[in-house]
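Student: Pasted the sequence and its predicted model underneath.
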Amino acid sequence: MSNYLNKRYRSAGLILFMLLMVVISYGQPGSRRTFNNDWQFYLGQTDESVHHATFKGEGWRNLSVPHDWSIELPFDKESPTGTGGGALRGGLGWYRKVFVLPEADKHKKHFIRFDGVYMNSEVYLNGHLLGVRPNGYIGFSYDMSPYLQYGQQKNILVVKVNNDKQPNSRWYSGSGIYRNVWLESSSGIRISEWGPYITTPGIRAGKAVIKIETPVHIDKPAGAIYRLRQRLFDAKGVQLLQSQNKFRATETTVNLQQELTVTRPVLWSDENPYLYKIVSEVIDDNNKIMDSYTTRTGIRSFYFDADKGFFLNGKATKLRGVCMHHDLGALGTAINTRAIERQLEILKAMGCNSIRTSHNPPAPELLDLCDKMGFLVMDEAFDMWAKKKTDYDYHLYWDQWHERDLRDHVLRDRNHPSVIMWSVGNEIIEQWGKDSSGAVILDKLVNIVKELDDRPAITANNEINTYNNLLKANITPLIGYNYSHKYWDSVHSRWGKKPFIVTESTSALQTRGSYDMPSDSIRRWPEAWDKPLTTGNTDTTCSAYDNCATPWGSTHEESLKLFQKYDHIGGMYVWTGFDYIGEPTPYPWPARSSYFGIVDLAGFPKDVYYLYQSTWTSQPVLHIFPHWNWTPGQTVDVWAYYNQADEVELYLNGQSLGIRKKQNDAMHVVWRVSYRPGILKAVSRKNGKIIKEALIQTAGEPAAISLSADRKQLQKNKNDLSFITVTIKDKKGNTVPLADNLVTFTLQGDAEIVGVDNGSQTSMESFKALHRKAFHGKCLVIVKAKNKTGLIKLTASAAGLPPATIELQVQ
Ligand code: GAL
């Protein structure tokens with residue numbers, strides 16, 4: 001029987017999914033401007049007068065969006081969002097913006113675009129309802145033209161955001177207009193809102209044919225003649241090619257197909273994310289540019305192979321992935337491009353090359369950055385379908401909205417070179433049950449995706465047994481498993497020879513700087529997936545040795561080993577890259593944020609970060625831990641992650657504690673040491689030659705505050721941020737590993753402190769305060785530049801320590 005199966009599937013399995021060559025891109029319409037400023041905000045119930053010019057606005061606050069009101073609220077044990085939602089409340093919120101448009105704009109069409117509002121938004125203009133959108137993660141726009149007033153008359157835009165029905169999410173969702181808002185205008189003729197759709201069927205003999213399909217909308221089709229011009233620019237901005245076609249505007253939508261042939265294209269990849277630019281322009285017979293749309297484009301091919309995994313531009317490339325939720329730590333969910341870029345920089349330096357946007361459409365800026373920085377993306381649509389996970393979640397809106405939401409998601413994101421697959425569901429409840437609704441829904445979703453794009457669809461399954469309705473229906477071209485690492489090798493015998501992705505793995509638990517010994521005994525917390533934790537640590541920490549994990553997951557090393565070992569695993573997405581607010585497994589209140597991250601909520605790497613870095617990068621790594629402040633005589637396990645060396649020797653106060661070499665498939669080495677204070681030094685060597693050294697010293701009492709900024713030069717008017725790490729040091733400059741000094745911040749110059757954090761999962765301090773206790777020696781302060789150039793000075797003070805200052809320059 002098994003021979004028969006092998007034979008039957010071998011040929012089909014060789015290359016089950018292949019995309020020969022795709023050019024994909026992202027873009028922006030030419031006539032778009034930001035609509036983020038000068039909003040008013042109110043939390044609570046208001047009345048009809050909100051729509052009128054006579055409105056008093058008492059108790060309302062002026063602010064700019066993106067804005068997340070939940071992050072400003074105190075942690076609250078009684079919050080109906082639960083600790084799963086970060087113990088931060090939702091509620092009912094109102095945004096209001098008053099604006100005027102010049103008389104000269106009367107002939108134009110004006111659209112208001114929201115990249116995302118959480119959730120249940122209702123948008124009104126001058127008292128008229130423009131539309132409602134329940135989904136909190138999808139972008140949408142409305143034509144405001146029918147209700148706009150011009151000249152001196154004021155327009156009143158009101159957005160009601162109802163995030164009051166709780167719980168509606170398994171993680172911290174944030175609340176409000178948390179993504180960008182745009183005003184898009186056009187004069188009678190315009191390129192479709194998502195821009196042209198750009199693909200290429202193949203690359204041969206050093207050529208790529210770019211196919212450009214551009215829907216053009218005409219408000220009053222009267223048969224006038226226009227030209228649609230496409231210009232291709234290289235990454236330096238040099239124009240390479242141009243093509244134009246005339247068309248007659250006889251219909252309300254004209255769909256035009258054009259081609260550009262690029263010779264010797266530079267291919268886009270995770271290692272060389274080369275982007276071209278295509279400028280599409282509609283030009284009238286007086287040579288006037290009526291509309292333009294700029295699209296960044298990458299040329300690359302990829303396919304998934306059942307035996308050999310993922311191939312990018314013909315090269316086997318493992319998807320070294322992490323799952324990410326959308327909050328940005330202390331900033332909440334209010335999107336900030338620099339904050340996302342910093343997360344990606346930290347992940348890139350770890351060797352990660354792929355992101356899963358768990359479990360919802362991401363901010364457009366995330367995908368722009370993935371295109372630019374070279375990340376491959378599993379773009380996910382839904383965490384539930386018609387069957388609920390929480391009482392008030394999207395299942396309530398499923399029937400009416402899923403088709404529209406999925407379409408808009410794919411249309412919005414299909415032009416990004418970074419996107420390589422669509423996940424249409426995470427751990428969907430319809431996996432189980434006797435009815436066939438799961439397969440019916442899946443079939444529909446996959447068909448929607450196929451109609452709009454060639455990239456494969458996948459579902460993330462936590463049921464891997466043969467009664468899983470979705471896998472059994474054999475609809476998706478890829479198989480996705482969440483967890484179940486013990487069965488990764490048997491996926492083909494269960495489900496046939498299809499390409500395989502570990503859509504989610506690990507769920508290990510760590511608190512930065514906490515260490516439970518002995519380090520080789522693994523804690524599975526909670527003890528069973530459906531039971532609360534009965535053991536655990538009284539201080540609600542989890543050990544940062546890789547020795548604490550959920551029972552459905554694994555330690556980092558357990559799953560990473562298998563991922564590295566099996567060629568048929570095209571990608572693995574570790575749960576999670578960063579800690580996120582909410583889902584504080586394994587602890588209840590007062591824990592309020594997750595322990596899953598490889599990096600903590602403040603952006604400080606946990607030790608396991610270096611396990612990945614030593615496996616996934618070619619830079620020399622030697623990382624030893626824990627800290628060196630213990631009780632004399634105590635037995636302490638010292639771990640090292642290293643690469644490019646064949647041994648590591650550890651010394652305590654100059655005395656060798658022995659040489660260790662990784663045994664078999666182990667990814668770390670350990671010394672069991674009787675603690676004495678002093679200097680712990682590790683040396684890695686290859687063929688006797690020193691590759692790297694690492695040093696930890698016993699720290700004394702806190703004596704100084706040290707400040708270090710990820711960026712000292714900031715740009716004005718760009719919401720640019722500096723993330724400043726605060727470290728408590730002893731008088732010799734060693735980090736004090738258990739320091740918890742309260743640090744207070746003051747700022748001089750045209751800037752603002754927009755967040756503070758320390759990575760502790762149980763801190764009840766506000767992310768918006770001007771002070772923070774250090775946690776395990778560190779905390780973080782985030783400074784945002786405003787509109788003026790000049791010097792910014794941040795001062796950090798703590799009782800008993802001399803204050804420290806750092807200077808930033810805004811340009
Ligand atoms: C998975 C789920 C994630 C997260 C994770 C925690 O089952 O897909 O959203 O809840 O578990 O381990």
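Tutor: Structure's in. What do you need?

Student: Close to the ligand: what parts of this protein are there?
Tutor: 170, 426-427, 462, 482, 504, 507, 550, 575, 583, 585 (Cβ under 6 Å from any ligand atom). Where you see a C-beta, it was placed from the backbone N, CA and C, and this is true even at glycine.

Student: what do you get if the cut-off is 5 Å, keeping everything else the same?
Tutor: 427, 507 (Cβ under 5 Å from any ligand atom).

Student: ok and the residue in the chain nearest the ligand?
Tutor: residue 507 (3.5 Å; Cβ to the nearest ligand atom).

Student: What is the burial count for that residue?
Tutor: Other residues near residue 507 come to 23 when the count uses other Cβ atoms under 10 Å.

Student: What residue, apart from its backbone neighbours, is nearest it spatially?
Tutor: residue 553 (3.2 Å; Cβ to Cβ, 6 or more residues apart in numbering).

Student: my guess is the one you found meets residue 585, correct?
Tutor: No. With contact defined as Cβ atoms under 8 Å, residue 553 does not reach residue 585; the gap is 9.6 Å.

Student: Am I right that residue 652 is in contact with residue 682?
Tutor: No. Here residue 652 lies out of contact with residue 682, judged by Cβ under 8 Å, at a distance of 10.4 Å.

Student: Those two: who's more crowded?
Tutor: residue 682 (23 against 19).

Student: Quick check on that one: phi, psi?
Tutor: phi -120, psi 140 (degrees, to the nearest 10).

Student: Distance check, the residue nearest to residue 507 against residue 167.
Tutor: Using Cβ to Cβ, to the nearest Å, we find residue 553 at a distance of 23 Å from residue 167.

Student: For the residue nearest to residue 507, grab the count of nearby residues.
Tutor: 25.

Student: likewise residue 521?
Tutor: 11.

Student: Leaving out sequence neighbours, find the closest residue to it.
Tutor: residue 547 (6.6 Å).

Student: Contacts only, for the one you found.
Tutor: 516, 519-523, 555 (Cβ atoms under 8 Å, 6 or more residues apart in numbering).

Student: So for it, what pLDDT did the model give?
Tutor: Residue 547 is assigned 98 on the pLDDT scale.

Student: Which positions in stretch 35-53 come out as buried?
Tutor: Buried residues in stretch 35-53, counted by 16 or more other Cβ atoms under 10 Å: 35-36, 39-43, 46, 50-51.

Student: Please identify the helix or strand for the closest residue to residue 778 other than its chain neighbours.
Tutor: Nearest residue to residue 778, sequence neighbours excluded (Cβ to Cβ, 6+ apart): residue 727, at 5.4 Å. Residue 727 is part of strand 721-729, with elements assigned from DSSP states H and E.

Student: Could you do residue 706 as well?
Tutor: Here residue 706 is assigned to strand 704-709, by DSSP H and E.

Student: Beyond that strand, next helix or strand please.
Tutor: That would be, after strand 704-709 and using DSSP H and E, strand 713-714.

Student: Just list what that following strand packs against, helices and strands only.
Tutor: strand 801-810 (3 or more Cβ pairs under 8 Å, 6 or more residues apart in numbering; DSSP states H and E).

Student: what is the orientation angle of the strand it packs on with strand 721-729?
Tutor: Counting by axes from the mean of the first three to the mean of the last three Cα atoms, to 10 degrees, strand 801-810 points 160 degrees away from the direction of strand 721-729.

Student: outside of strand 801-810, which residues touch it?
Tutor: Under the contact criterion Cβ under 8 Å, 6+ apart, strand 801-810 has outside partners 702-709, 711-716, 720, 722, 724, 728, 741, 749-751, 783, 785-786, 788-797.

Student: For residue 807, give the beta-bridge partners.
Tutor: According to DSSP bridges, the residues that bridge with residue 807 are residue 793.

Student: That one - how many residues pack around it?
Tutor: For residue 807, using other Cβ under 10 Å, the count is 13.

Student: now swap in residue 251 and tell me
Tutor: What residue 251 shows, counting by other Cβ under 10 Å, is a neighbour count of 13.
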